[in-house]
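*Asks:* coords below, sequence missing:
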């Protein structure tokens, strides 16, 4: 007689495996944010997740698979602003203001993680590879903010450099955390910087 409970047991096993994988991923993300990827050990991840080291390796046999899961999980919870919405603003100055307002708010929500990731980027190859997507996102955002400015030569180079600087996380950190400017004033300051650099 066929074991009628087998499909249920298989389904339950799959659910438990998925739950274990989720706990490991969440534990790794929490440690990456708290102490940084360079200081996050498999032992610490296992202890926080309540599993053995061998269980972590069974789900994530190497650094890249673990970081891929962490990155996907964290980005799903913290999506960055969509540059496509900025592109709908015809005026370049207004577009820059909207972009910095949304991006700086995003940096404010995700500060601890980006501080850790950017600090450890040069130390952990897997972090460097994952941050490639973030750097590409900022380059694409810069292209959106350059559109319609109709600049040439030195003015174009200065505008692009100023926009890239304004979009960068270290710039946001310097203005808001080190210099302690409020959000709105930080956005206004960097908009002035971009527009000044964009003058012919």
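*Replies:* Yes, it's here. Note that the structure is predicted; figures quoted are calculated from it, not measured.
*Asks:* residue boundaries of the helices in this structure?
*Replies:* Assigned by DSSP state H, the chain shows helices spanning 6-34, 42-49, 53-59, 63-77, 83-86, 92-120, 125-146, 153-167, 169-172, 183-197.
*Asks:* Mean neighbour count and mean pLDDT added to these, as a markdown table?
*Replies:* No exception for glycine: its C-beta is placed from N, CA and C like everyone else's. As requested, the helices of the chain are arranged in a markdown table below (neighbours: other Cβ atoms under 10 Å; pLDDT from 0 to 100):
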| stretch | mean neighbour count | mean pLDDT |
| --- | --- | --- |
| helix 6-34 | 15 | 86 |
| helix 42-49 | 18 | 96 |
| helix 53-59 | 15 | 95 |
| helix 63-77 | 16 | 94 |
| helix 83-86 | 16 | 96 |
| helix 92-120 | 18 | 97 |
| helix 125-146 | 16 | 94 |
| helix 153-167 | 17 | 93 |
| helix 169-172 | 18 | 98 |
| helix 183-197 | 17 | 96 |
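*Asks:* Start and end of stretch 81-89, how far apart?
*Replies:* End-to-end span of stretch 81-89 (Cα to Cα, to the nearest Å): 15 Å.
*Asks:* And the closest residue to residue 177 other than its chain neighbours, how far from residue 105?
*Replies:* Closest residue to residue 177 apart from its sequence neighbours, by Cβ to Cβ, 6 or more residues apart in numbering: residue 111 at 7.5 Å. Distance check for residue 111 against residue 105: by Cβ to Cβ, to the nearest Å, it reads 11 Å.
*Asks:* just residue 165 next, same as before
*Replies:* For residue 165, the distance to residue 105 equals 19 Å [Cβ to Cβ].
*Asks:* residue closest to the middle of the protein?
*Replies:* residue 134 (6.0 Å; Cα atoms, centre = their mean).
*Asks:* give the contact list for residue 84.
*Replies:* By Cβ atoms under 8 Å, 6 or more residues apart in numbering, the contact list for residue 84 is empty.
*Asks:* Off-centre distance for stretch 177-186?
*Replies:* 21 Å (Cα atoms, centre = their mean, to the nearest Å).
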